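Visitor: Sharing a sequence plus its predicted fold:
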Amino acid sequence: MSFTSNKLSNISLSQFKESDSQELSLLEAAKSTPQPVHTQNLAQASELLRKAMQLLWGDSFNTEGMEDTPARVAKFWAEMTWGLHKNPSQPLQRTFQCEHNEIVVLRDIKFSSLCEHHLLPFSGVAHVGYIPQGRVVGLSKIPRCLDIIAARPQMQERITYQLANTIHNTLNALGTFVVIEAEHNCMNNRGVLKYGSKTITNAVLGVFKTDVNARGQILSLIASSKL
Ligand SMILES: [Zn+2]
């Protein structure tokens with residue numbers, strides 16, 4: 001069976017209408033962004049993906065199971081990048097007065113992201129510590145900030161420093177420390193094929209940069225997560 005332009009025209013916006021709740025959640029996410037992923041763009045991206053798959057796999061691509069694969073992949077990419085036009089500092093805007101000016105640590109915050117080099121997912125955990133200066137943020141807000149930063153084509157290194165910078169600057173923290181451990185599918189399943197290896201990155205700002213004791217303290221608090 002050959003690939004025809006007729007086939008392309010079969011992809012219509014109806015594929016992105018209310019077929020099931022999972023698909024709807026993508027559209028809901030897209031709608032809530034300042035620059036939404038329009039259904040028309042999803043349909044066009046899906047058409048181009050169909051062409052690419054046909055070029056790569058020829059007739060073996062034309063199976064019943066892969067009929068809707070281009071549309072699924074377009075939606076998957078849109079879903080993995082919902083944070084692209086969101087401001088990651090927004091969840092941190094509301095702070096509370098607190099006299100606690102010692103290190104606050106959140107550890108093992110799970111996240112997943114999309115590697116910008118291969119468009120393959122990678123996932124892991126972030127450990128975050130900061131020293132407030134009279135005002136703290138609700139504990140759920142740092143994971144929300146991470147979610148926005150991770151939901152775009154990314155590099156682990158960039159997630160690490162963007163998260164640290166956003167927390168440090170928005171909360172006017174005395175010091176901020178971020179460690180991220182992640183496993184990359186582009187390492188597991190292609191290229192070097194090193195399944196299960198972890199990449200660890202960190203970003204150190206403010207007092208943690210200059211005060212060896214503070215840095216030692218936060219490292220031991222993060223390490224205690226392994227107990
Ligand atoms: Zn990659």
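Guide: It's in. A quick note: this is a predicted structure, and the numbers were derived from the prediction, not measured. Numbering: from 1, shown residues only.
Visitor: As a check, name the ranges of all strands in the chain.
Guide: Residue ranges of the strands in the chain, as given by DSSP state E, are 95-97, 104-115, 121-131, 135-137, 153-154, 175-184, 199-206.
Visitor: The third one packs against which elements?
Guide: When you say that, I think you mean strand 121-131. strand 104-115, helix 141-150, helix 156-171, strand 175-184, helix 185-188, helix 212-223 (3 or more C-beta pairs under 8 Å, 6 or more residues apart in numbering; DSSP states H and E). Yep, even glycine has a C-beta here, placed from its N, CA and C like the rest.
Visitor: What parts of the chain come near the ion?
Guide: Taking C-beta under 5 Å from the ion as the criterion, the neighbours of the ion within the chain are 115, 117, 118, 186.
Visitor: Just give the number of residues close to the first one.
Guide: Put plainly, it is residue 115. A count of nearby residues for residue 115, using other C-beta atoms under 10 Å, gives 18.
Visitor: if we can go back for a sec, in TSV: the helices and strands packed on strand 121-131, plus mean pLDDT.
Guide: As requested, the helices and strands packed on strand 121-131 are arranged in TSV below (pLDDT from 0 to 100):
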stretch	mean pLDDT
strand 104-115	95
helix 141-150	96
helix 156-171	97
strand 175-184	95
helix 185-188	82
helix 212-223	88
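Visitor: which one of these lies closest to residue 47?
Guide: Closest approach to residue 47 among those is made by strand 104-115 (21.2 Å; C-beta to C-beta).
Visitor: Show me what that closest one is in contact with.
Guide: The contact list for strand 104-115 (C-beta atoms under 8 Å, 6 or more residues apart in numbering) reads 77, 80-81, 120-132, 136, 139, 142-143, 146-147, 150-156, 159, 182, 184-186, 218, 221-222, 225.
Visitor: Would you list the buried entries among these?
Guide: Buried subset of those (neighbour count, 16 or more other C-beta atoms under 10 Å): 77, 80-81, 122, 124-132, 136, 142, 146-147, 150-152, 154, 156, 159, 182, 184-185, 218, 221-222.
Visitor: before we move on, the earlier item: of the helices and strands packed on strand 121-131, which is nearest residue 61?
Guide: Ranking those by distance to residue 61, with C-beta to C-beta as the measure, places helix 185-188 first at 21.8 Å.
Visitor: Check the gap between residue 209 and the ion for me.
Guide: Between residue 209 and the ion the distance, using C-beta to the ion, to the nearest Å, works out to 29 Å.
Visitor: Look at that residue and report its pLDDT.
Guide: Per-residue confidence at residue 209 stands at 93 (pLDDT).
Visitor: residues of stretch 49-64 that come out buried?
Guide: Neighbour-count burial for stretch 49-64 flags 49, 50, 53, 54, 61 (criterion: 16+ other C-beta under 10 Å).
Visitor: What is the nearest of these to the ion?
Guide: Sorting these by distance to the ion puts residue 49 at the head of the list, at 18.9 Å, by C-beta to the ion.
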